[in-house]
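**Student:** Have a look; sequence and predicted model below, questions after that.
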Amino acid sequence: MLLYSLVFIILIALVFDFLNGFHDAANSIATVVSTRVLTPLQAVIWAAFFNFVAAFGFGTAVAKTVGAGMIDVTQVTRTVILGGLLGAIAWNIITWYFGLPTSSSHALIGGYAGAAVTRSGWSVIIPSGWSKTLSFIVLSPLMGMALALILAFAAYALVRNKMPSRVDSRFRRLQLISAAVYSLGHGTNDAQKTMGIIAGVLFSAGYLSQFEVPFWVVLICHAAIAMGTLFGGWRIVKTMGQKIVKLRPIGGFCAETAGAVTILGAAYWGIPVSTTHTITGSIVGVGSLHGLPAVKWGVAGRIVWAWILTIPASAFMAAVSYLLVVQLVARAGF
């Protein structure tokens, strides 16, 4: 029975990973679609490929932070993990339906924490892991915004006397590279969060003597997020690529490059940042170069409110899910 429940929870984790790719497909492809460098189908195939390729060579620092650096893993049970995953999935589906580009990453850590606290109380929280994660809720979009603004300023200065058609043509080709690098960052940061959860399940069940991430877990998590990206979340693509700022290829290149640098840097340091927050900040940074009116602040404000609500909302949903799972397990006599 232990093995069956373990397999079931891993499958639910992979469903979340799939939905993460589906929900966050906009992060990887919104700019390259809105600038018409690639069609939507070409873009998701491009992004999904690099989401999967990220499995090779980017380590598991983020997975270790999520799996054992934020919640006391010795207090984690299978019901805690299942409740956390169900809460995160519920929030992802709700925000996808309304077309809000919220963070699947923060939904996952909020859900994980909500279920764990419901079972064991606040002592299960590891403050050091949360401090850097919560600080980067603010820092990652600001870093993306600042870097994108600098890149855009430099890029526009370089092409100031060039023909617009030649500039567009050149940056269309460059945007293929920036979209690929961004997708590598998206894959490595977001897939690692599910790796951490699965490794936590294996550790709590006694299948791992110490907390680590087996390579087969790395592969299946990257495959799941790549498949999710391949199916895409078009509601959010529209919000990210068209409703915040109108982008040209040069702006798309700067936004993607800034987002990629920020996300890959965070992955190197083991910080589970939101790819959604980062690319949104980067897009706003590019748009603000043309003046504050170029950014549709009403849409941006609605997104920020969704960001603020994500962790507490997913934690609440996970707490309810955990209590329901406990009741179902008790009635089933497991």
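**Tutor:** Nice, I can see it.

**Student:** quick one, helices of the stretch 101-250 of the chain?
**Tutor:** Here the stretch 101-250 of the chain has its helices, by DSSP state H, counting those that start in this stretch, at 104-120, 127-158, 164-204, 215-231, 234-238, 249-268.

**Student:** now the ones you listed in CSV, with mean neighbour count?
**Tutor:** Where you see a C-beta, it was placed from the backbone N, CA and C, and this is true even at glycine. Listed next are those as CSV, based on neighbours: other C-beta atoms under 10 Å:
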stretch, mean neighbour count
helix 104-120, 27
helix 127-158, 18
helix 164-204, 23
helix 215-231, 22
helix 234-238, 19
helix 249-268, 26
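
**Student:** To His277, which of the ones you listed lies closest?
**Tutor:** Among the helices of the stretch 101-250 of the chain, helix 127-158 comes nearest to His277, with 4.5 Å by C-beta to C-beta.

**Student:** so where's the stretch 201-334 of the chain shaky on pLDDT?
**Tutor:** For the stretch 201-334 of the chain, the stretches flagged by pLDDT under 70 are 232-246, 290-303, 306, 333-334.

**Student:** Quick check: Gly110 vs Ala332, distance?
**Tutor:** Computed as C-beta to C-beta, to the nearest Å, the Gly110 to Ala332 distance reads 27 Å.

**Student:** Oh, that last question was meant for Ala319, not what I typed.
**Tutor:** Taken as C-beta to C-beta, the span from Ala319 to Ala332 is 21 Å.

**Student:** quick one, which of these two is more surrounded?
**Tutor:** Higher neighbour count among Ala319 and Ala332: Ala319, with 21 against 7, using other C-beta atoms under 10 Å.

**Student:** about what we covered before: make JSON lines out of the helices of the stretch 101-250 of the chain and add distance to Thr95.
**Tutor:** Below are the helices of the stretch 101-250 of the chain laid out as JSON lines (distance: least, C-beta to C-beta, whole Å):
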{"stretch": "helix 104-120", "distance to Thr95": "8"}
{"stretch": "helix 127-158", "distance to Thr95": "16"}
{"stretch": "helix 164-204", "distance to Thr95": "15"}
{"stretch": "helix 215-231", "distance to Thr95": "15"}
{"stretch": "helix 234-238", "distance to Thr95": "8"}
{"stretch": "helix 249-268", "distance to Thr95": "20"}
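
**Student:** wait, which of the ones you listed is closest to Gly57?
**Tutor:** The closest of those to Gly57 is helix 164-204. By C-beta to C-beta, the value is 8.7 Å.

**Student:** how many degrees apart are the closest one and helix 215-231 in direction?
**Tutor:** 140 degrees (axes from the mean of the first three to the mean of the last three C-alpha atoms, to 10 degrees).

**Student:** could you point out which element follows the one helix or strand Val44 maps to?
**Tutor:** Val44 is part of helix 40-53, with elements assigned from DSSP states H and E. Using DSSP H and E, the helix or strand that follows helix 40-53 in sequence is helix 61-68.

**Student:** now that following helix, how far from the centre of its chain.
**Tutor:** How far helix 61-68 lies from its chain's middle: 14 Å, per C-alpha atoms, centre = their mean, to the nearest Å.

**Student:** Give me the packing partners of it, helices and strands only.
**Tutor:** With contacts taken as 3 or more C-beta pairs under 8 Å, 6 or more residues apart in numbering; DSSP states H and E, helix 61-68 sits against helix 104-120, helix 164-204, helix 249-268.

**Student:** Turn those into CSV, including distance to Leu142.
**Tutor:** Below are the helices and strands packed on helix 61-68 laid out as CSV (distance: least, C-beta to C-beta, whole Å):
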stretch, distance to Leu142
helix 104-120, 16
helix 164-204, 17
helix 249-268, 10
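
**Student:** which stretch among the ones you listed comes nearest Ile29?
**Tutor:** Set against Ile29 and scored by C-beta to C-beta, the helices and strands packed on helix 61-68 come closest in helix 164-204, at 7.1 Å.

**Student:** got the angle for the closest one vs helix 249-268?
**Tutor:** Angle, helix 164-204 to helix 249-268, by the same axes, to 10 degrees: 20 degrees.

**Student:** Just the angle for helix 164-204 relative to helix 104-120, thanks.
**Tutor:** Using the same axes, to 10 degrees: helix 164-204 against helix 104-120 is 20 degrees.
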